[in-house]
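**Q** Next comes the sequence, and after it the predicted model I'd like to discuss.
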Amino acid sequence: MGEKKQLEECIRYFRERKVYDRLFEKMAGKYRSLGHFGGTVRLSGLSREDCLHLGGFFQKDFQGQKSVAISAAAMEKALAGSRFADLSWEEILRGYFGEEMTGRKERKQQENAEREGFFTDIMGTAPRSPGSRWLEQVLTEKGEGYLLLMKHYREQPETLRISLLLLLRAIPGLPVLAAGGDLFSHELLAVFAARTRISKQTTAFIS
């Protein structure tokens with residue numbers, strides 16, 4: 001039997017026995033917490049049918065038990081003695097839930113990489129410009145405006161993208177920059193926003 005066909009049969013086997021949905025949910029949670037397949041989970045409120053289905057795969061009598069503890073080690077042993085021995089629990093859980101199994105550390109790394117890529121793409125539209133240097137400084141030093149940026153990134157990333165692209169285009173038009181560095185040059189923020197055609201929400205990042 002091909003590996004793909006075996007995996008499909010394996011997933012069908014467990015989906016037909018509802019108690020494994022609960023077991024796999026708990027083990028997937030352990031995987032995300034530990035970063036690998038391990039630990040022990042407890043299933044409670046078991047029916048007679050649940051006990052029969054668990055007993056069939058684990059080759060153990062669970063009859064009469066309302067609650068059982070099942071370890072990753074016991075699952076590995078049961079899998080090795082089954083017709084699905086060529087598969088791994090990582091493969092099975094990935095196929096069962098239709099998503100990659102990633103631990104907390106991996107998810108954090110992925111989120112950081114996605115966030116870095118988001119802002120790098122924006123700065124890349126105007127490399128070495130005053131706006132890009134400002135944005136890079138805010139992100140690196142986590143200075144004023146950083147928390148506001150992160151809030152908008154979490155809640156409305158595409159709106160933030162548009163706002164920042166407009167802002168990078170508008171920053172060179174700030175009076176102090178347009179006047180060649182004259183620190184005494186000034187302009188009302190509302191006037192600046194109207195002149196550069198950016199919204200009041202966008203000016204909040206530099207006000």
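**A** Sure thing, it's come through.

**Q** which stretches of the protein form helices?
**A** Listed from the start of the chain, the chain has helices (DSSP state H) covering 3-15, 19-34, 48-58, 72-80, 89-97, 104-123, 130-141, 146-155, 157-170, 175-178, 189-196, 200-203.

**Q** which one of the ones you listed lies closest to Arg42?
**A** Arg42 sits nearest to helix 19-34 of all the helices of the chain, at 7.9 Å, using Cβ to Cβ. The C-beta positions use only the backbone N, C-alpha and C, and glycine is treated the same way.

**Q** and the closest one, what does it pack onto?
**A** helix 3-15, strand 40-44, helix 48-58, helix 72-80, helix 89-97, helix 104-123 (3 or more Cβ pairs under 8 Å, 6 or more residues apart in numbering; DSSP states H and E).

**Q** what's next to that helix, contact-wise?
**A** 14-15, 37-39, 41-43, 46, 49-50, 53-54, 57, 70, 72, 75, 89, 93, 96-97, 101-104, 107 (Cβ atoms under 8 Å, 6 or more residues apart in numbering).

**Q** Buried members of those residues into ChimeraX, please.
**A** Only the buried entries of these go into this ChimeraX selection, using 16 or more other Cβ atoms under 10 Å:
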select :14,37,39,41,43,46,50,53,54,57,70,72,75,89,93,96,101
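
**Q** picking that back up, export the helices and strands packed on helix 19-34 to JSON lines and tack on mean pLDDT and distance to Arg32?
**A** What follows is these, written out as JSON lines (pLDDT from 0 to 100; distance: least, Cβ to Cβ, whole Å):
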{"stretch": "helix 3-15", "mean pLDDT": "92", "distance to Arg32": "19"}
{"stretch": "strand 40-44", "mean pLDDT": "96", "distance to Arg32": "13"}
{"stretch": "helix 48-58", "mean pLDDT": "96", "distance to Arg32": "23"}
{"stretch": "helix 72-80", "mean pLDDT": "96", "distance to Arg32": "13"}
{"stretch": "helix 89-97", "mean pLDDT": "91", "distance to Arg32": "11"}
{"stretch": "helix 104-123", "mean pLDDT": "83", "distance to Arg32": "6"}
